[in-house]
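> When you get a sec, could you give me coordinates for this:
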Amino acid sequence: MIINQKYTSKTSIVLMLLGLVPFIAAIYYLQTYDFEYGLAIFIHYSAIILSFIGAINWGRNVNEKSAKIFYLSVAPSIIAFSAFFFSFPDNLNVLALGYFIAWIIDCFLLIKHKEFLMYLIMRTIITISVIYLHIYLM
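Here you go, the predicted structure:
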């Protein structure tokens, strides 16, 4: 069922799970070797991924050209960028909040489309996992 929907596949599931590997590797590195450098890796990767999530909605909006969706799609990258102006652990709070807001935006934009149901389930699982990793570091 999960791979029979239009916007999910085995590849997308594998890539979603592989996206967690750098988060986990950064946590391992900061706990084992160098906290500050590992934390910097974690925060930078997190900001890049959060920006990418917003870009997904930008790409989906190419056909509709809705100004509201363009504004919403930029919000995660602005939140991600703003995290660099905070110190530990506030930067992790900002990024976790950014992931939550990006998830809310996805739900708001896609909930009425049944073909995105499994995508939203995947996004929910990965969002909970990533937010948990941010909270784990605090």
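
> Okay, now the unreliable bits of the chain?
Per-residue confidence of the chain (counting by pLDDT under 70) places the weak regions at 1-8.

> run the last query once more with 80
Within the chain, the set of residues satisfying pLDDT under 80 comprises 1-9, 12, 57-66, 110-116.

> From the centre of it, point out the most distant residue.
The outermost residue of the chain, judged against the average C-alpha position, is residue 33 (25.9 Å), by CA atoms, centre = their mean.

> for that residue, phi and psi?
For residue 33, the backbone dihedrals are phi -120, psi -70 (criterion: degrees, to the nearest 10).

> cool, and residue 50?
According to degrees, to the nearest 10, residue 50 has phi -60, psi -40.

> surely residue 126 meets residue 19?
Yes. Contact between residue 126 and residue 19 holds when scored by CB atoms under 8 Å: they sit 7.0 Å apart. (C-beta placed from N, C-alpha, C; glycine too.)

> Next, count neighbours for residue 31.
A total of 11 residues lie near residue 31 under the criterion other CB atoms under 10 Å.

> For residue 71, see how far away the spatially closest residue to it that is not a sequence neighbour is.
The spatial neighbour of residue 31 that comes closest, neighbours along the chain excluded (CB to CB, 6 or more residues apart in numbering), is residue 38 at 7.3 Å. Going from residue 38 to residue 71 by CB to CB, to the nearest Å gives 34 Å.

> which one of those two has more residues nearby?
Applying other CB under 10 Å to residue 38 and residue 71 shows that residue 38 carries more neighbours, namely 19 against 9.
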